[in-house]
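Enquirer: Quick one, fold the following:
(2 chains)
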Amino acid sequence: MKLSLSRVVSGCRLGTLTNLGKNGVQTMELPGCLLYTKTGSPPHLTHDTLQAIEGVPAVVQLTLSTLVELHEVLEEYKAGIGKFIGMPESVLYCSLHDSSTPCPPGYNSNKTVSIWGYGGRMEMTASKFMSMQRALQPDWLQCLSDGDTISGETSRKRAKKSVDRSLSFLDECLQLQEKSPELQGSMMVGVIEGGDVLEERLRSARETAKRPVGGFLLDGFQGQAMAKETKLKLMASVTAELPEDKPRLIHGIGKPDEVLECIERGVDVFESFFPYQVTERGCALSFSYDYNPDPEAAVLEQNGIQDAGKNGIEKDINETSKADPEITSFEIFLKEKRYRDDFGPLVHGCTCYCCQNHSRAYVHHLLVTNELLASVLLMMHNFQHYFSFFHSIRDALRDDRLDQLKELIFRQAL
Amino acid sequence: MASPSVSGPALSLRVVAECGLSKARACELWLPHGPVLSPVFMPVGTQGTMKGITARQLEGLGCRICLGNTYHLGMRPGPELIKQANGLHGFMNWQQNLLTDSGGFQMVSLVELSEVTEEGVRFRSPYDGEEILLTPEKSIEIQNALGSDIMMQLDDVVSSTLTGPRVEEAMYRSIRWLDRCIAANSRPDKQNLFAIIQGGLDPALRTKCLEEMMQRDVPGFAIGGLSGGEAKDHFWRVVTLSTDRLPREKPRYLMGVGYATDLVVCVALGCDMFDCVFPTRTARFGSALVPWGSLPVKNKQFAKDFRPIDENCDCPTCHRYSRAFLHALFRSETAAMHLLTVHNIAYQLNLMRSIRESIVEQRFLQFVRDFMRTMYSGQERYPLWAVEALASVNITLE
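Expert: You can find the predicted model right below:
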């Protein structure tokens, strides 16, 4: 794997990862995102419906938590998770947890990390973890790490523990990797911990960078526990310690404004669980990322913002379906009565399968009648919208229009 | 080659081939949204959607006609809205053919406190508790708004296991309601109204119904009131009695039939069109249809089975995914249901295609024998009713 940076603008890195995958021919543009999956499948989608989406990322994210029950099956299968899930050509990254389902705190120890599978909690030692990875054979894997510092106040002691444990896991896993023929082509992602303690974060970054890892995961920045300013400052401090030629990943960050903030602080790779969460609450991403609009489009975009801004504010007396409290200003809730006879696309100008073939009224109907197709169409739209957003970030960096894009996004962040 | 018979302004049928032995035939059905090759199985897309699969996926599987439900769509979102959306075709963006039923069956099977009078069916809406009267006129009005290529008359539906005077009453009423439906159809040039033969399991009543309804000028006929738990022995006799009398040049639609064996037998008995929720519903419950029965991939036994559902199936699911993966996925992901739905529809459509090819190539007899041998592991396992029904049309199973 090779990372080539073409430019760095206000801390944002624009570049390409090449020589990815088993055949070494895949590439990934940075900044970019991964394709989110559950149990190895993009939610609600089959291969055919996935293919209908434009801009699908080259790297697929698997989560150990949704795959851990398949250990025995995969050991017998032998050919690796990529083939098993019907994605033999994709570049695969295996993370520990699924960002859409946060883990209960307090279940890690010096020797174990808890993963929550469908059957409940499973304790992973480094040895068990690597055994699972040998069965999976991913291209990238997040090293076993202790990221349990995100629920409320974390003491210095706890922050230090997260760093000590994660480094210890890293060394042990690297050793085990050396002895595993199945994992010779796999890249270990070193995990940077340390909670909200600067000293610990720096130590974690420096120590992890000394190991032969192929990339870095900035962990423990998920959730609401850390104040935004602290979070961003720590992020910048951490990336400053990291080599330029290795990718920096982050988990749990999905909203467009937060994505931009992280990119400005040297992060390269994001997850795409956010469009999935939007789908689950019956919503469609509608925010504009077109920093170069023509005057007509600007008017439409204004309307779009007004649509999104009105979420839940217009209280229809007969409205029995409530929007999810987690709903953001970047999306519209299609179950709202006003969409019942709106025959326009989800988002004007969107080229996704749903917007090209169906209307807001139809998706509204599918949601009201609890039809499975609602989730399929929304997932297709939301993924494509999100992937296009990342594309626009790269364009903006290339064209020196980052400020315009930022202004546009932050204006919609309300 | 015979030219197509024009059954109505919006339908013509051409008999392409007939089995020399049985009553099976292969036809071309020309409808407003394109040709349909029969025998045909029509998947059921109740609420304006084929459950979790897109219109493009459905079309890609070769489907050229599917069903929508007047009752469900009449409730939500309602005919006015669908009319605004350019009919059901426009609303769900399905550019192939659509068949809508009248709403009669759902009202009787789904809804409590439904009361049938000469006027229509009075019932209570489960969505807002309001009382609704569905008359033949209202049903046709809704179906005209939906714009389906084939509409079904409102019939007086009674359970197929019912006996007594109610059956006769329902049969005669269905005839009267057919006339009212014909009168109410405001778009006969664009939408075909099919009659539905009733009469329970009584040959005399069925014959009477056939006589009467065949005097009406309709482009097609359905055999209704079956597939409701009646004994198979009676079932096939009613089917064959009907096809003996129905006109050759008009399509015969057997409602509610979709199990593979039933399809094969009823094609032999002269039916052209079929619908059933079974294949798509069983997919959502984790069962894959195969030529030798069905595979409950949800079950533990498939956890390490790395073969596709059917090695000889060329559907997108079998092309890429194993039973083991589907099993793992089924626990938590809707995608598993969609993958099985795709396969099961492909299975049904492939079955009909094979049936049709065998008729066209004059080897239907051999096809039936091969089919039965594959489906049932031993002649003693062949269902007796199927053996008898096939024998009645000169198909002996050896």
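
Enquirer: Let's verify residue B:271: helix, strand, or coil?
Expert: For residue B:271, the assignment made with DSSP: H, G, I helix; E, B strand; the rest coil gives coil.

Enquirer: wait, what's in contact with it?
Expert: Neighbouring residues of residue B:271 by C-beta atoms under 8 Å, 6 or more residues apart in numbering or on different chains: B:39, B:223, B:239, B:243, B:252-254, B:257. Using the backbone N, CA and C atoms, a C-beta is placed for each residue, glycine as well.

Enquirer: what do you get for residue A:163?
Expert: Going by C-beta under 8 Å, 6+ apart, the list of residues near residue A:163 reads A:193-194, A:200, A:203-204, A:207.

Enquirer: does it belong to a helix or a strand, and which?
Expert: helix A:156-178 (DSSP states H and E).

Enquirer: helix or strand right after that helix?
Expert: strand A:187-192.

Enquirer: could you give me the average pLDDT of that next one?
Expert: Here strand A:187-192 scores 98 as its mean pLDDT.

Enquirer: What lies in contact with stretch A:349-361?
Expert: A:49, A:52-54, A:297, A:300, A:334, A:339-347, A:363, A:377-378, A:380-381, A:384-385, B:54-56, B:77, B:81, B:85, B:91, B:93.

Enquirer: Could you list which of these belong to helices?
Expert: A:49, A:297, A:300, A:363, A:377-378, A:380-381, A:384-385, B:55-56, B:81, B:91 (DSSP state H).

Enquirer: Report the buried members of the residues you listed.
Expert: A:49, A:300, A:363, A:377-378, A:380-381, A:384-385, B:55, B:81, B:91 (16 or more other C-beta atoms under 10 Å in any protein chain shown).

Enquirer: I'd like the secondary structure assignment at the residue nearest to residue A:180 when sequence neighbours are not counted, please.
Expert: Spatial nearest neighbour of residue A:180, chain neighbours left out: residue A:134 (5.3 Å); criterion: C-beta to C-beta, 6 or more residues apart in numbering or on different chains. State at residue A:134, reduced to three classes by three-state DSSP: helix.

Enquirer: for chain A, which residue is closest to the average position?
Expert: residue A:271 (1.1 Å; C-alpha atoms, centre = their mean).

Enquirer: residues in contact with that one?
Expert: With C-beta under 8 Å, 6+ apart, residue A:271 has these contacts: A:33-34, A:36, A:61, A:95, A:99, A:250-254.

Enquirer: Now the one helix or strand residue A:29 maps to - C-alpha only, CSV.
Expert: Of the helices and strands defined by DSSP H and E, residue A:29 is found in strand A:26-30. Output in CSV follows, covering the C-alpha atoms of strand A:26-30 (Å, rounded to 0.1, in the frame of the first residue of the first chain):
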residue,chain,number,x,y,z
GLN,A,26,-7.3,-1.1,-6.0
THR,A,27,-7.1,2.6,-5.1
MET,A,28,-8.9,4.9,-2.6
GLU,A,29,-9.1,8.6,-2.8
LEU,A,30,-8.5,10.6,0.3
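
Enquirer: Could you work out the end-to-end span of stretch B:250-268 for me?
Expert: 17 Å (C-alpha to C-alpha, to the nearest Å).

Enquirer: just to revisit the earlier point, among the ones in helices among the contacts of stretch A:349-361, pick out the one closest to residue B:269, please.
Expert: residue B:55 (32.5 Å; C-beta to C-beta).
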